[in-house]
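>>> Quick one, structure for this:
(2 chains, ligands or ions: 2)
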Amino acid sequence: MQTTVTVGLGSCGIAAGANKTYEKIKALQLAEGLDFRLKKTSCVGMCYREPLVEITDDSGTYLYGEIDENRAIELLDKHINQSSPVREWVVQTDLFDASDNDFARSQVKIALRNCGFMDPESIEEYQARNGYNAIRKIAEEKITAVDVIQTILASGLRGRGGGGFPTGMKWKLANNNKSPEKYIICNADEGDPGAFMDRSVLEGDPHSILEGMIIGAYAIEANGGVIYCRAEYPLAIKRLNIAIDQARANGFLGKNILGIEGFNFDIYIKEGAGAFVCGEETALIASIEGERGMPRRRPPFPAQSGLWRKPTNINNVETFANIPWIITNGAAAYAAYGTEKSKGTKVFALAGKIKRSGLVEVPMGSTIRDIIFKLGGGIQNDKKFKAVQLGGPSGGCIPEYLADTIVDYDSVNATGAIMGSGGMVVMDETTCMVNIAAFFLDFTQKESCGKCTFCRIGTKRMLEILTRITEGKGVENDLQTLEELSYQIKDNSLCGLGQTAPNPVLTTLKYFRDEYEAHINHKKCPAKVCKPLLTYRVVDDACTGCMVCAKNCPANAIDGERKKIHFIRQEDCIKCGDCFTKCKFNAIEVI
Amino acid sequence: MRIARLTKTSEEATTAQEPDLGGLDYLIKKYKGKKGNLIPLLQGTQEMFGYIPKTAFEKIANETGLNLSDMYGVATFYAQFRLNPVGKHVIKVCHGTACHVQNANSITDALKEALKVDDGATTEDGLFTLESVACLGCCSLAPVMMISGETYGKLSGGSTVKIIKNIRLQESN
Ligand SMILES: Cc1cc2nc3c(=O)[nH]c(=O)nc-3n(C[C@H](O)[C@H](O)[C@H](O)COP(=O)(O)O)c2cc1C
Ligand code: FES
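Ligands and ions are numbered 1, 2, ... in the order given. Below is the predicted model of the structure:
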């Protein structure tokens, strides 16, 4: 067989320099007349090893990690020219023990089945991997819309956008509302800052989303499709556009699709304009209609009156990506994974203080600990694991002692966090939980659309209190006020943004109250993050009098002469930490 | 609330050169009368000028019949739209959760210091505008920033300043 060399060109890979690696390999191939097929793919989930290059030859498949331009030269020389694989750079292979073999092994890839395994810009490769066979099966076996909905219901698939509403049920409701004009919308707004599951699927396997939408359109009898994609994902938008053109050219979009009489459906992309609240479905609809993205009251639900007042069904990217697989493999195959009430698999984006940050897909019911330690490889620099944030600004922080919680909708909800869309931001002992709570409140406060008083003003008041606490100006009943405000905001907000905005505060208060109390009562930040609460001091025994700290201090707050112990004047110290980082003798301590 | 983004002075906008609005004709022709056209019109305008000039608002309102106050309402609601000119390179420093946890603040601080501007402002030479955004989707490479469409990951204060210096150097050649 001909050897293939595949470079991973997702956003993460490109940011790590994968384009340069690709160009280098291409240039070398041309210059030296090397015999191999050069291919592109997207993110396979090992973002922490980017740029990734996979070489498949007669002996097997080798996935190489961290291949920059220089390594690419050596790699081609050794593996291609001399047929001798560079074992120490291999991160994954079936042939021998490589550093990250376990990363792939413990995963079950359904939504991510094609990500990193094919060229996302090629409809042929998608079809070679079973693509468009689900909609073909529907056409050939003349499966009715009702039966499609029944299959999705039986699979137990629940919406992956955060709400967890059964997808089959949603489709049934949309199907019940008869109208000559009906819409199906893919929510690709991915607003949770710190999550990138949807981006990877959009970039890595755009056709599966189109196919999911086509099947959805068939099931609910929709004729218009919209993908609402955030503008921060230019590569996703580019690849979606290519995929849509290809799908049209191949008759998967358009009139009488695959010969199904009267099944007319087409999709266009709507670029978001940067507003978190537009992930909420009624706000999203307002935004597509060209208005301010303000949520409105439900009912009427979009299934009754949505886009342009027509029945509309909205699903998340990952939800759609699962659909073709379920139709092809059957509901039972999907429901075989997961727990009683949460079936199938879930994609998580691991980020923060974790060794292997990237994308993983695991069966529902896996424990958080396994995801973080077995797949994620544990905490960076082997620091102490403190908490993991699930569900972004609507979610909460789960402490280390609850890490054996399994991931399914109900178990995660029971901790006070939410499953959310799959962002998992891992925190270690150097993360201050009050600071994190303030960070999320700052986000929701800015992103509140302003319609509901409690959400608009309440989040601002909460942020003010949190900021005060991090500045060492917290007072005794602050925590009580925070809790009261939290419940008032939850109860008096129209949409999910306000209803969940206090969650990061409530969960940190529940699990890390002592940390709040240290800030308020003792004016100390145990994680040493909140600057106003830190004191920088010279350790007399360690100071050599080298004067480096004094010279670097931007506030001239350090006194001392050569070879004499230095002294930091606390009244002038601005707590920038420069002395701490510059000192070579560990002679500055932070307390 | 979203309107809080409107703190910048409107004087900046008036002192800027009057842009040539000729290019808008094509855009107006493409979207005039179509439903849901307001956001694409604003996006197209911003792509052309880097921001939405006051005169462009007026021209679009006059020629499409859209309501000026509706347009302003939408433009100020969405974070993407700018009402003031920006520098040649827009630096978007990510302040999403993953980047925040990996100390994105120090990246913004280093840039503020190196460029001598505040967050949201443009350097005097018009080369750089410093912005904060929430998540660029490259969380595994945190902290991350994007300059003119190119993403840079695993930053430190020092490496960030080096990237800026390199762009400055290229620009002066
Ligand atoms: C403030 C807010 C933001 C949301 N952001 C998103 C998002 O970015 N992506 C998403 O798919 N769903 C988001 N949702 C959930 C959607 O409203 C909706 O439930 C979901 O797209 C439905 O798809 P699903 O049933 O397939 O999950 C958000 C909800 C709220 C209240
Ligand atoms: S949080 Fe910075 S790229 Fe996602």
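>>> Within the helices and strands, which one has residue 24?
Assuming you mean chain A. Using DSSP states H and E, A:K24 sits within helix A:18-32.
>>> wrong one, I was asking about chain B
In this assignment (DSSP H and E), B:L24 forms part of helix B:24-31.
>>> can you map out the helices along the stretch 51-200 of chain A?
A:69-75, A:101-105, A:123-128, A:133-140, A:145-155, A:167-176, A:197-204 (DSSP state H, counting those that start in this stretch).
>>> Follow the chain on from the helix holding B:L24 and name the next helix or strand.
helix B:38-49.
>>> Only the buried residues of that following helix, if you could.
Neighbour-count burial for helix B:38-49, counted by 16 or more other Cβ atoms under 10 Å in any protein chain shown, picks out B:L38, B:I39, B:P40, B:L41, B:L42, B:Q43, B:G44, B:T45, B:Q46, B:M48, B:F49. (C-beta placed from N, C-alpha, C; glycine too.)
>>> Leaving out chain neighbours, which residue sits closest to the fourth one?
By that I understand B:L41. Nearest-residue entry for B:L41: B:Y31, 5.2 Å, with adjacent residues in sequence omitted and distances by Cβ to Cβ, 6 or more residues apart in numbering or on different chains.
>>> Compare the helices of the stretch 51-200 of chain A and give me the one nearest ligand 1.
Nearest of those to ligand 1, taken as Cβ to the nearest ligand atom: helix A:167-176 at 6.0 Å.
>>> Output the helix holding B:L24 as CSV, nothing but the C-alphas.
The C-alpha trace of helix B:24-31 is given here as CSV (Å, rounded to 0.1, in the frame of the first residue of the first chain):
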residue,chain,number,x,y,z
LEU,B,24,-21.8,49.9,0.7
ASP,B,25,-24.0,50.1,-2.4
TYR,B,26,-23.3,46.4,-3.3
LEU,B,27,-24.2,45.4,0.2
ILE,B,28,-27.4,47.4,0.3
LYS,B,29,-28.5,46.0,-3.0
LYS,B,30,-27.8,42.4,-1.8
TYR,B,31,-29.8,42.7,1.4
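>>> Lowest-scoring secondary structure element of chain A by mean pLDDT?
Using mean pLDDT, DSSP states H and E, helix A:578-582 stands out as the lowest-scoring helix or strand of chain A, at a mean of 86.
>>> touching chain B at all, whichever helix or strand comes after that helix?
Next along the chain after helix A:578-582, taking DSSP H and E as the criterion, comes strand A:588-590. No. Between strand A:588-590 and chain B, judged by Cβ under 8 Å from any Cβ of the partner chain, nothing touches; the nearest distance is 15.0 Å.
>>> now do stretch A:17-24
No. Taking Cβ under 8 Å from any Cβ as the criterion, stretch A:17-24 and chain B are apart, separated by no less than 9.2 Å.
>>> So in chain B, where's the weakest helix or strand by average pLDDT?
helix B:11-15 (a mean of 48).
>>> average pLDDT for whichever helix or strand A:C549 is part of?
Taking DSSP H and E as the definition, one finds A:C549 inside helix A:548-552. Averaging pLDDT along helix A:548-552 gives 89.
>>> How about stretch A:449-468?
Here stretch A:449-468 scores 96 as its mean pLDDT.
>>> So is that stretch next to chain B?
Yes. Interface with chain B: stretch A:449-468 contributes A:C449, A:G450, A:R456, A:K460 (Cβ under 8 Å from any Cβ).
>>> Ramachandran coordinates for the second one?
In this case it means A:G450. For A:G450, the backbone dihedrals (degrees, to the nearest 10) come out as phi 100, psi 0.
>>> Domains in chain A, by residue range?
What automatic domain parsing lists as the domains of chain A is A:4-101, A:123-334, A:345-428, A:433-521, A:535-590.
>>> mind checking how far the first one is from the chain centre?
The chain centroid and the centroid of domain A:4-101 are separated by 25 Å, computed with Cα atoms, centre = their mean, to the nearest Å.
>>> What is the least confident helix or strand of chain A packed up against?
helix A:548-552, strand A:588-590 (3 or more Cβ pairs under 8 Å, 6 or more residues apart in numbering or on different chains; DSSP states H and E).
>>> I'd like the average pLDDT over the helix ranked longest in chain B.
For chain B, the helix that runs over the most residues, judged by DSSP state H, is helix B:157-172. When pLDDT is averaged along helix B:157-172, the result is 92.
>>> Can you report how many residues lie near B:D25?
The local packing of B:D25 (other Cβ atoms under 10 Å in any protein chain shown) involves 11 other residues.
>>> mind checking how far it is from A:Y337?
56 Å (Cβ to Cβ, to the nearest Å).
>>> Equivalent analysis for A:I237, please.
Distance, A:I237 to A:Y337, using Cβ to Cβ: 31 Å.
>>> Got the domain ranges for chain B?
Using automatic domain parsing, the domain ranges for chain B come out as B:21-77, B:89-172.
>>> list the contacts for the most centrally placed residue in chain A?
Taking Cα atoms, centre = their mean, the centroid of chain A lies closest to A:A195, which sits 2.0 Å from it. By Cβ atoms under 8 Å, 6 or more residues apart in numbering or on different chains, the contact set of A:A195 is A:A349, A:A351, A:G392, A:G420, A:S421, A:G422, A:G423, B:C135, B:C139.
>>> Does the residue nearest to B:L41 touch B:T64 like I think?
Yes. Judged on Cβ atoms under 8 Å, B:Y31 makes contact with B:T64 at a distance of 7.3 Å.
>>> Now do the residue of chain B found nearest ligand 2: how many residues are near it, please.
Per Cβ to the nearest ligand atom, B:G96 is where chain B lies closest to ligand 2, at 2.5 Å. B:G96 has 30 neighbouring residues, counting by other Cβ under 10 Å.
>>> Enumerate every residue touching it.
B:G96 makes contacts with A:P193, A:G194, B:A104, B:V133, B:A134, B:C135, B:L136, B:C139, B:A142, as judged by Cβ under 8 Å, 6+ apart.
>>> ok, and the most crowded of those?
B:C139 (33 neighbours).
>>> That one contacts A:F348, correct?
No. Using Cβ under 8 Å, B:C139 is not in contact with A:F348; the gap is 11.7 Å.
>>> residues shared between the contacts of the two?
A:G423.
>>> Can I get the helices and strands packed on helix A:578-582 in CSV including distance to A:A273?
Below are these laid out as CSV (distance: least, Cβ to Cβ, whole Å):
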stretch, distance to A:A273
helix A:548-552, 43
strand A:588-590, 42
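>>> and the residues of stretch A:449-468 next to chain B as JSON lines, adding secondary structure, neighbour count and distance to ligand 1?
Output for those, formatted as JSON lines (DSSP: H, G, I helix; E, B strand; the rest coil; neighbours: other Cβ atoms under 10 Å in any protein chain shown; distance: Cβ to the nearest ligand atom, whole Å):
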{"residue": "A:C449", "secondary structure": "coil", "neighbour count": "26", "distance to ligand 1": "9"}
{"residue": "A:G450", "secondary structure": "coil", "neighbour count": "17", "distance to ligand 1": "13"}
{"residue": "A:R456", "secondary structure": "helix", "neighbour count": "19", "distance to ligand 1": "14"}
{"residue": "A:K460", "secondary structure": "helix", "neighbour count": "18", "distance to ligand 1": "17"}
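>>> A:Q246: which of the residues you listed is nearest?
A:C449 (36.9 Å; Cβ to Cβ).
>>> ok, and does the strand ranked longest in chain A reach over to chain B?
Scanning chain A for the strand with the most residues, using DSSP state E, yields strand A:345-352. Yes. Residues of strand A:345-352 contacting chain B under Cβ under 8 Å from any Cβ: A:A349, A:L350, A:A351, A:G352.
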